[in-house]
Every structure is written in C-alpha cells, then in structure tokens.
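1. Fold the stuff below for me.
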Amino acid sequence: MAEQLTPGMKDYERWKIEIDAAEKRIKNFYIDGGKIVQRFLDDRGGSQGMETNLTGDNPFRLNIFHANVTTMLAMLYGRVPETDVSRRWADPNDDVARVAAEILQRMLNISVQAPGSSDTDLLRACLQDRLLPGLGVARVRYDFTKETRQARTVETNAETGLDEIVMVDEEVVADEEAPLEYVHWRDFLWGDGRIWANVPWVAFRIALTKPEVIARFGEEAAEKLQFTKKPAGHKAEDEGEMAKDDTWMKTEIIEIWEKSTRKVVWWSKDTESLLDTREDPLKLRGFFPCPEPFVANTTTTMYLPRADFKLAQDLYNQIDTLQTRIGIITKAVKVVGVYNQKSNEIKRMLNEGVENDLIPVDNWAMFGENGGLEQISWLPIKDVVEALGKLQELRNEHIQLLYQITGMADILRGTSEQYTAASSDKLKAKFASIRVQHIQDEFARFASDLMSLRAEIIKTHFDPESIYAQSNAQFLAEEQEAVQQAIQFIKSPGDSWLWKVDIKPESIAMIDYAQLKAERTEYLTAAATFMSSAKAMGDAAPEAVPALLEMLKWGLAGFKGGQQMEGMLDRAIDAVVEKAKNPPPPVPNPKVQEIQLKHQTEMEKQAKKSNDEMMKMFNQHKIKLKEILAESGADAQAEAIQAYYNILEVESKFKADKELKRMDAAARRASGE
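-> Model (predicted):
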C-alpha cells in the first residue's frame, strides 16, 4: 500500500513519498526511453519489447527509425539560432526600449555564438531527446565570482575627532554569467499534474563525488551518504547492459524546486533529514529554473510524455519482419540443380564451361539415349522470386504507410495536389506539414523560453556595469544617453521591461536563403520607391522632410533586424530638424562677390575723398573761428565753439551717410539684386 501525505509530516518524509510516487509514475517512460535509444543506435542486445521476435541467427533490420530521426534533426536544427529581441509594439519613437532590446540581444547572442559555446550542443541534445524518448530539458543558472578590492572611505579618528580617508578591503562581483545547463531526460522528475501549469514541483538528479559533497554540504553530510559507481538515476532493469559504471564513486542527490513555497531543498535517500533548504535563489517570475520541457504527445489526463516511436512501433516492427524474410529468401534465389552422376560431360560443362567453349562427348549415342542435357534438373526458383517480389512490394507499402503516419512523406516530397499553384507546393515543401511545423514551433518556444529566463537573470542579478561591458555598449557612441536610460530601464523593479521588450528566437530550422534574399530585396525596393516619391515633396516643402523620414522609420520599425538602422534614422531626423531651426547662410555667387568687392573698394575711395574735403573745410572754418573769438569774451567763446563744432559734426555725418547710401545702391544695381 502506498504511503500517504498527512498534515504535520516532516519535510524529509514528505519528500520521500513525493519522489517515490513520481518515480513510480515515470518508471515506464524511463524504461521505454532506454529501449528507444537502443533501437535508434541499432543496439541489438537487451531491447525486448521494442521489436518483433525475428527468426534467423542474424535478422536483417531496416533501421528506418534512425533515418527518420536523423532527417528530422537536420531539418529542425539546421543552423545556430540567433535570439531576436525587439520592441514589443514596434513604436518608432520609443528609443529607450529599442536600445534596451539591442543591449539584451547582444548579451544573449554572444553566449550562443561564442567559439566553444556549449549552448548549440545543448539545444541539439534537447531536440534529440524530444525525438527519441520524448522529453528535452534544460535549465538556467546564475554564476558569479567575487574578488577583494581596496576602496576609499571616510572614517572619524577616535583620538582627534577629525574625518580621515582610509583604504578598506571590500568584496565585489568580478564576473557574472547566466549559463544554460543540459539536463538528461532520466535526471528530471516532476510532480503530478494534468498540464505544465499545474505541476507543483520539479526536481533534478545530481551525481556528486565525496569532495564535491563536502564542499557543498559539509563533512557531516558526506559521512551519511553512500557512494557507488552507478550513474545518477540508473536502474539495472531499465536499460539492460547499456549503462556502464562511472569512473568515480558518486552519490545521488535530488534538488527540488517547490512552486508554492518558492523554496529549494536538497534531498537524499541515504539521510533522515534534508541536506539544505534555501529561499528563492533566482527570483524568477515563474520560479522554476527551467522552461516547460520540450515534450512529445502529452494529454490533459496526465502530464507524461509518450515517444513518437511508440505510436508507430508496430509498423517499424513489421517492416523489420518483412526485411528479415526478404533477406532469407534472397539467399535462396540462386542457380542450383542436379544431374546424372554417370554423365561426366555434364559435370565438366558446369565446372569448366566458359563462353564459346565446347565440351567433347566420348559416346554421343549413349549420351543422347540417357537424355542428353535433359539429365539436368534445375531448382525451380520462379515461385521463390515471385514470393520475394511480393515481400518487397509489401515492405514498400509498409514504408509508405509509415511515412504517412510519421509525416516523413510530406518532408521528402511535399504534399502536391492536383490544380495547386507552384507557390502553394513551395510553401508545403518548406514547412513540410502541420505536424512537423508544430514541432518547429515548439522547439522555437523552448529556445525562446530559455533565453527569456537568461534575460530575467541578467535583469535581476547583473550589475549595470556588467551589462554595459558585456553588451559592448560603449561603442554605441552616438546613443550614450539612451544607453544609460536603457540600462536603468532593464534594471527597474518589477516586470515593466516585459511590457516593451519581446524575446523570441529566429527560425532555427534550415534557413531558406532565397526567401531571406527576397524579403530584403522587397523591402529595399519599397524603400527606394518611397524615397524617390518623397524627394519631390521634400524639394517643394523642406519643412516636410522630418515627417517623411518619420514615415520611413515607422515602416522600418516592423522589419526584422532594423534596430541599428532605426538609430541611424533617428540621428538623420535630428539633423534635419536642427538644420531647419538654424538654416546656414546662403552661399554667395562668385560673380556677385567680385562686383560687390569692386564697388566696396570704390566706396572706400569716395568716402576717404569726402573725409579729406571735410577736414579741409573744417580747418578753414577753425581758422575763421579763431579770428571771431579774438574779438569776443571767454563765455561767449565757449558757446560759440561748441555750437560751431556741433554744426560741423552734423553736416559731416549727413554728407558721409548720404554718400555711403548712394554707393551701396549703385553696388546692388550692379550685382542684379
């Protein structure tokens, strides 16, 4: 009778019951998964239940399963994925969200595409696990290192009471990472639920050596645990002789993440208490450190994968049976017969005869009386050949039926129908079928969720300095103000960043370069047409140029990969607006400049001549004034001098201004203005 959970039960006992129940629920999936992997590798030892009992010492198997899975793997994962991070609503004026998306995209892609990165192998391994046992799992982590640095601080001297600057040691984060980690399908457990949203907890099997246990949980815990050479999660009856011993002695520890309490516990069957308990270490919105697994054929009855092979195993086995019989009968299709032992000439004809060669007969009459060449009786192989042809025909029919069941027929040929257009056939060939497209979409969802979890860790745990450095944002020189605002936006509390930033992967299937070229050519053609039409409007009304550029930017905002081009358009729009506010002076005509310079020189000569004449007149009046002053008193002298000088100054200025205006007008007429 199974143990039941009761209120007040100790945590260790409760988790023992939960783990035992989960292993019992998933046990058949583990067993089938191991045998399916053996079938894929054509390992003929110990895979009972996955094939029909074939006759013969060496049954001939046609491993179509391996060919189908390899084809699907190559088609679904044709290139290294690139994560596309963009503004969720494609608002053309939301520069902060645009730059934030650019920063996150750089950080997410550099980890996937860096030389020696394990992320590409991880995604391929998860896809293979989905196509074989039916369960692909990966998780995220937050790793960082600390180092001690000296920093200045102000402290008050106890003796003098004065503030002093002193150097102190402080620990700072030196390096931050958000790595992805592959989880083998046998090392993953989960609580009972009908759908993923209802799964209450997930768990990961971890195999640790004794030094690793001591470093993580202490020596006291290490003394209580048992260390063996069997790998984590291995059961001897599950995989026959397939699993081998580990090189190092290890113990199995289960790391459990419970959603309701947002706690992580470490449990081992060898102890009577939990090894460790921690509060929510990653602070993710969904709590679990893994996205929904990449699973096959689940239903709402129970969240439990079922491998694709199980749905077509009868056809696979029948094809193997037919192929084995074909192999046996093929050996029987050969030219054999019997002859009269007394007719040595027939024996010589069969053993020595070559082309255009005659075998002499000593007693032809007796040879003829005995029946001649009719003394040979050949094995009748007509019936055997007919049976062989029927078996081959039946095998091919089963293969075609298998292709229809698995969807491979659509992948290999495309589902052409009568009266369909060529573009329709091309579309069907590209996406294979609805079933295969569903797997592509699920794989894209799985990769997208992984990258979203990584982005969450960057947002929650990374220092702004790390984000700035790892995104290489210092080279966004013309957008540094937006960069600082974008980093603050990423680090802002809550989930507001998700309202503006959308994270999704590009297609990770085999890339259609012709389609990619067609899309970009179509956009550039449309942009060139728009710019050609907008030029006439811009020439007629320069003030409309900023609005036209905004329209071009609006169209670009919905085009994939246009973030950097949008930044260039932003700067172009700002430059046009600034130019409209402060128009540059008009460029003068060289001929007009020459005429103006000539008349300016003439004006200066005339002005100088007028000044000389005025000075001459002024000196003459000055002499006459002295004569008048000699006959009058001192006060009268002062008033007379001042009045006379005022008259002269006004007269001189009036004449000079009049002459300058006249010459300026003459210059304008000469220049055509």
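2. Does the helix or strand hosting T277 pack against any helices or strands, and if so which?
-> Assigned by DSSP states H and E, T277 belongs to strand 276-279. Strand 276-279 is packed against strand 263-267, with contacts defined by 3 or more C-beta pairs under 8 Å, 6 or more residues apart in numbering; DSSP states H and E. For every residue, glycine as well, the C-beta is placed using N, CA and C.
3. Sheet partners, orientation included, of the strand it packs on?
-> Partner strands for strand 263-267, per DSSP bridges, with pairing direction: strand 251-258 (antiparallel), strand 276-279 (antiparallel).
4. most packed of those strands?
-> strand 251-258 (a mean of 21; mean count of other C-beta atoms under 10 Å).
5. Using CSV, write out every CA atom in that strand.
-> Coordinates of each C-alpha in strand 251-258 appear next as CSV, following Å, rounded to 0.1, in the frame of the first residue of the first chain:
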residue,chain,number,x,y,z
THR,A,251,26.1,9.7,-4.6
GLU,A,252,22.7,10.7,-5.9
ILE,A,253,21.2,13.9,-4.6
ILE,A,254,17.9,15.4,-5.7
GLU,A,255,17.5,19.1,-6.0
ILE,A,256,13.8,20.0,-5.6
TRP,A,257,12.1,23.3,-6.6
GLU,A,258,8.7,23.8,-5.0
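6. what comes into contact with that strand?
-> Here strand 251-258 makes contact (C-beta atoms under 8 Å, 6 or more residues apart in numbering) with 15, 19, 189, 200-208, 210, 213, 225-228, 232-233, 264-270, 275, 287-289.
7. let's go with 7 Å and repeat that
-> With contacts defined as C-beta atoms under 7 Å, 6 or more residues apart in numbering, strand 251-258 is touched by 15, 19, 200-208, 213, 225-227, 232, 264-268, 270, 275, 287-289.
8. Those in strands, which ones?
-> Using DSSP state E, the members of these that fall within strands are W201, V202, A203, F204, R205, I206, A207, L208, V264, V265, W266, W267.
9. and which of the residues you listed is nearest to A101?
-> V202 (29.9 Å; C-beta to C-beta).
10. ok, for the closest one, nearest residue in space, not its chain neighbours?
-> Take V202 and drop its neighbours on the chain: the residue closest to it by C-beta to C-beta, 6 or more residues apart in numbering is W190, 4.9 Å away.
11. The one you found and P293: what is the separation?
-> Noted for W190: a distance of 8 Å to P293, by C-beta to C-beta, to the nearest Å.
12. Show me which of these two is the more surrounded one.
-> Neighbours of W190 and P293, each counted by other C-beta atoms under 10 Å, are more numerous for P293; the result is 25 against 21.
13. now the more buried one: how far from I195?
-> P293 is 12 Å from I195, by C-beta to C-beta.
14. do K382 as well
-> 60 Å.
15. Report the beta-bridge partner residues of the closest residue to I256 other than its chain neighbours.
-> Closest residue to I256 apart from its sequence neighbours, by C-beta to C-beta, 6+ apart: A203 at 4.5 Å. Judged by DSSP bridges, the bridge partners of A203 are L189, I256.
16. ok, A203 touching D187?
-> No. Using C-beta atoms under 7 Å, A203 makes no contact with D187, being 9.0 Å away.
17. State the next helix or strand along the chain beyond the helix or strand bottoming out on mean pLDDT in the chain.
-> None of the helices or strands of the chain scores lower by mean pLDDT, DSSP states H and E than helix 422-431, at a mean of 47. Scanning forward in sequence from helix 422-431 by DSSP H and E, the next helix or strand is helix 434-461.
18. moving C-terminal of that next one, what's the next helix or strand?
-> helix 464-470.
19. send the alpha carbons of the next helix or strand after that next one over as PDB?
-> Next along the chain after helix 464-470, taking DSSP H and E as the criterion, comes helix 480-490. Taking Å, rounded to 0.1, in the frame of the first residue of the first chain, the C-alpha atoms of helix 480-490 are listed here in PDB:
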ATOM      1  CA  GLN A 480      25.100  57.000 -24.900                       C
ATOM      2  CA  GLU A 481      22.300  58.900 -23.200                       C
ATOM      3  CA  ALA A 482      19.800  56.400 -24.500                       C
ATOM      4  CA  VAL A 483      22.200  53.600 -23.400                       C
ATOM      5  CA  GLN A 484      22.200  54.800 -19.800                       C
ATOM      6  CA  GLN A 485      18.400  55.200 -19.800                       C
ATOM      7  CA  ALA A 486      18.000  51.700 -21.300                       C
ATOM      8  CA  ILE A 487      20.200  50.000 -18.600                       C
ATOM      9  CA  GLN A 488      18.200  51.800 -15.900                       C
ATOM     10  CA  PHE A 489      15.000  50.600 -17.700                       C
ATOM     11  CA  ILE A 490      16.300  47.000 -17.700                       C
END
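20. Report the angle between helix 480-490 and helix 434-461.
-> 100 degrees (axes from the mean of the first three to the mean of the last three C-alpha atoms, to 10 degrees).
21. could you say what helices and strands helix 480-490 packs with?
-> helix 95-113, helix 464-470 (3 or more C-beta pairs under 7 Å, 6 or more residues apart in numbering; DSSP states H and E).
22. buried stuff in that helix?
-> A482, V483, A486, I487, F489, I490 (16 or more other C-beta atoms under 10 Å).
23. now swap in stretch 316-332 and tell me
-> 316-329.
24. Narrow those residues to those in strands?
-> Judged by DSSP E, strands contain none of those.
25. a markdown table for these, including pLDDT and distance to D449?
-> Converted to a markdown table, those look like this (pLDDT from 0 to 100; distance: C-beta to C-beta, whole Å):
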| residue | pLDDT | distance to D449 |
| --- | --- | --- |
| Y316 | 90 | 32 |
| N317 | 88 | 36 |
| Q318 | 89 | 39 |
| I319 | 89 | 37 |
| D320 | 86 | 38 |
| T321 | 87 | 42 |
| L322 | 88 | 43 |
| Q323 | 88 | 41 |
| T324 | 86 | 44 |
| R325 | 87 | 47 |
| I326 | 88 | 46 |
| G327 | 85 | 47 |
| I328 | 84 | 50 |
| I329 | 84 | 52 |
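26. Can you tell me which of those residues lies closest to S452?
-> Nearest to S452 among those is Y316, at 37.2 Å by C-beta to C-beta.
27. and the gap between the residue nearest to that closest one when sequence neighbours are not counted and A74?
-> Sequence neighbours aside, F65 is the residue nearest to Y316 in space, at 5.6 Å (criterion: C-beta to C-beta, 6+ apart). For F65, the distance to A74 equals 15 Å [C-beta to C-beta].
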